[in-house]
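Asks: Sequence first, then the predicted structure, then my questions.
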Amino acid sequence: MERQKTVPRLKTTGKALATRVLHAIYPPQCMTCDMLVEEQGALCPQCWRETGFIFGLCCNLCGTPLPGDCAEDPVAVCDDCLTLARPWDQGRAVMVYGDKARQILLGLKYHDRLDHAPVAGKWLARAAQPLVRPDTLVTPVPLHWLRLLKRRYNQAAVLSHALANTLCLAHCPDLLIRSRYTGTQDGRGRMARFANVQGAFTPNPRQAHRIAGRHILVVDDVMTAGATFAAVTDTLLARGAASVRVIALARVAHAE
């Protein structure tokens, strides 16, 4: 008599089981509305269309979306970057800063929505593909210790960790120090933004040896005029970085 074959049963890990139970009690919702979605951190179709993701041709220095075909002009530069000296080599952004982007960023920045980070890391990884070199070192724009004490975490470091983890790149969250408290950039004009952050960053003495000769990718949540990225880039190039590239989760277009 032929022995009946048994089908092996897949083991469910404790973490996977806990996730299934949690989702059964609290079904995943869209990041920006109450619509139910398939997985935590996803956007519903309507919010996805309204978020303003940047695809196709964009400025090679700041990521601003541009009209045209990227195949025809892969290194296009926007008007802002033609008039402002950009010390970094290339730049990208995931989305244009609008209502949905603002909602995502404020949740991450002020409301402890760290669950936004894994999916944001995937978005950043997609946008960062043209910027990555084999030995790229990923680092965030640092917060001043006073602001870090108040906020308890650096949202740029949360994003840079998620990006580095997605692309399997080296990550150094404390490569730089914000040595001077600069306050907020909100409400400042373009030139005031640059003046406010000039000389505000220094290498961390414990990590400074990792800068020389490296291709470095700097991550921040928002790029407006690009003043913060410029100050960080100047600091890294002064310490011998081979190149600096920058990426932001959102880009404020046409900053004054």
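Replies: Everything's here; your move.

Asks: Tell me if I am right that Ala250 is in a strand.
Replies: Yes - assessed by DSSP: H, G, I helix; E, B strand; the rest coil, Ala250 belongs to a strand.

Asks: close enough to count as contact, it and Lys100?
Replies: No - using CB atoms under 8 Å, Ala250 is not in contact with Lys100, being 9.7 Å away. Backbone N, C-alpha and C define where each C-beta goes, glycine included.

Asks: Tell me, how many residues neighbour the closest residue to Arg210 other than its chain neighbours?
Replies: Among residues not flanking Arg210 along the chain, Cys172 sits closest, at 5.9 Å (CB to CB, 6 or more residues apart in numbering). Using other CB atoms under 10 Å, Cys172 has 19 other residues around it.

Asks: do His111 as well
Replies: Close neighbours of His111, defined as other CB under 10 Å, add up to 9.

Asks: what's it in contact with, if anything?
Replies: Taking CB atoms under 8 Å, 6 or more residues apart in numbering, we find His111 in contact with no residue.

Asks: per-residue confidence for it?
Replies: His111 is assigned 77 on the pLDDT scale.

Asks: Break the chain into its domains for me.
Replies: Listed domain ranges for the chain are 14-50, 52-251 (source: automatic domain parsing).

Asks: Among those domains, show me which one is buried the most.
Replies: Between the domains of the chain, domain 52-251 has the highest mean count of neighbours, a mean of 18, where neighbours are mean count of other CB atoms under 10 Å.

Asks: Quick one: end-to-end length of it, please.
Replies: 10 Å (CA to CA, to the nearest Å).

Asks: so how far is it from its chain's centroid?
Replies: Offset of domain 52-251 from its chain centre (CA atoms, centre = their mean, to the nearest Å): 6 Å.

Asks: can you give me the strands in the protein?
Replies: Listed in chain order, the strands of the chain (DSSP state E) span 90-96, 137-140, 170-171, 176-178, 201-203, 215-223, 243-251.
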